[in-house]
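Novice: Sequence first, then the predicted structure:
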Amino acid sequence: ILWSEGQISRRVSELAAKSDFVGSSPAPIVVGVATGAFLFVADLVRKIDFSIPVDFIRAESYGSRTESNGAPIISFDLKVDINARHVILVEDIVDTGHTLSRVFKHLKSKGASSVSVCTFLDKPSRRKVDVQLGR
């Protein structure tokens, strides 16, 4: 066990409180990377003090294998329009950076004005792609 339930809850609360988008119009959109991040997304948005739209995107790079092919594809896209909106991309684990890089580019191609990343776990020692975390 790396962290207790209480420690995780406190950290999620801290992350939710860090949002400097309170009162911004339009509100940012939270985009979770399915399916791994859905519990983290749920915990996070419940602790944000303002109404915020949520959607999910799915990127796959494993197929039926147990190791990533390093070239993720978007297999399930957003339903909400993110054009000219700030997106808070929520990921469970940032490992090699391949998935995060692909999803980030996809969100920008759909017109997101900016994208910041919130991840539950970061493994920089395994990074193969340079990705920016935070804002």
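Specialist: Thanks, I have it. Residues are numbered from 1 along each chain as shown.
Novice: contacts, neighbours, all on C-alpha from now
Specialist: OK.
Novice: partners of the residue positioned nearest the centre of the chain in the sheet?
Specialist: For the chain, the residue sitting closest to the mean C-alpha position, by Cα atoms, centre = their mean, is V90 at 1.8 Å. For V90, the beta-bridge partners under DSSP bridges are G32, C118.
Novice: can you check A59 too?
Specialist: I74.
Novice: is it true that it touches L78?
Specialist: No. Using Cα atoms under 8 Å, A59 is not in contact with L78, being 11.3 Å away.
Novice: which of these two has more neighbours?
Specialist: A side-by-side neighbour count of A59 and L78, using other Cα atoms under 10 Å, places A59 first with 20 against 16.
Novice: and that one, what is it in contact with?
Specialist: By Cα atoms under 8 Å, 6 or more residues apart in numbering, the contact list for A59 reads V33, A34, P72, I73, I74, S75, F76, T99, V103.
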